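Q: quick one, structure for this:
(chains A and B)
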There are 2 protein chains.
Amino acid sequence: MAIIDGFDKAFENKIRLGIMSVLAANGSADFATLKSLLELTDGNLASHTRHLEEAGYIRCEKSFIGRKPNTTYMITESGREAFAAHIAALERFLQGCRS
Amino acid sequence: MAIIDGFDKAFENKIRLGIMSVLAANGSADFATLKSLLELTDGNLASHTRHLEEAGYIRCEKSFIGRKPNTTYMITESGREAFAAHIAALERFLQGCRS
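A: Below is the predicted model of the structure:
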């Protein structure tokens, strides 16, 4: 059906959509920032970032800030393309709804 | 997170979004029409319409056309409101992505 073509299954969930929109806008964000922006528990955020990592749309880097472990997530090139395609599909869907 | 507020969990799945957009535009559609528009199997369409019926967003009427059973789906008032709210949330999300 033309109106819903091009939707990416990986972004159906709104939390994953939120993670991608933060990373698309900022390039990267650490775990604590994403958790606070999206108002999630550790487990919930970890499960959604894992899903996006497995899709190859984001990657993470683990480091230490002083003695505290820090995880930073970055959008990948393929993530950026997939997110842009999904956003374009959403735009087409909304245009279809309006017309 | 403001950018993903107002998304309706019932419409995360794109098939349910497709069903709702057809019913919002046309008021009603029968099973065969939805199945063909959305390119679905009987079982898949039935599972998504059941989900939307349970949410109170659509209702169905079963009748006979000649000897053939016919199921028609209609959008409910609460379905229309929920779909409009979801569309508005998507619009806000896209505006956030663009800005």
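Q: what sits closest to residue A:6 if chain neighbours are left out?
A: Once flanking residues are discounted, residue A:6 sits nearest to residue A:89: 3.3 Å by CB to CB, 6 or more residues apart in numbering or on different chains. Placement of C-beta: from N, CA and C, glycine included.
Q: go on, residue A:80?
A: Leaving out its chain neighbours, the residue that sits closest to residue A:80 by CB to CB, 6+ apart is residue A:24, at 6.4 Å.
Q: hang on, the one you found packs against residue A:82?
A: No: the pair residue A:24 / residue A:82 is not scored as a contact, 10.3 Å apart, by CB atoms under 8 Å.
Q: which one's more surrounded, the two?
A: residue A:82 (20 against 15; other CB atoms under 10 Å in any protein chain shown).
Q: only the buried residues of the helix or strand hosting that one, if you could.
A: Using DSSP states H and E, residue A:82 sits within helix A:77-98. Under the neighbour-count criterion of 16 or more other CB atoms under 10 Å in any protein chain shown, helix A:77-98 has A:79-80, A:82-83, A:86-87, A:89-94, A:97 buried.
Q: picking that back up, how far away is the residue nearest to residue A:6 from residue B:83?
A: With distances taken as CB to CB, to the nearest Å, residue A:89 is found 18 Å from residue B:83.
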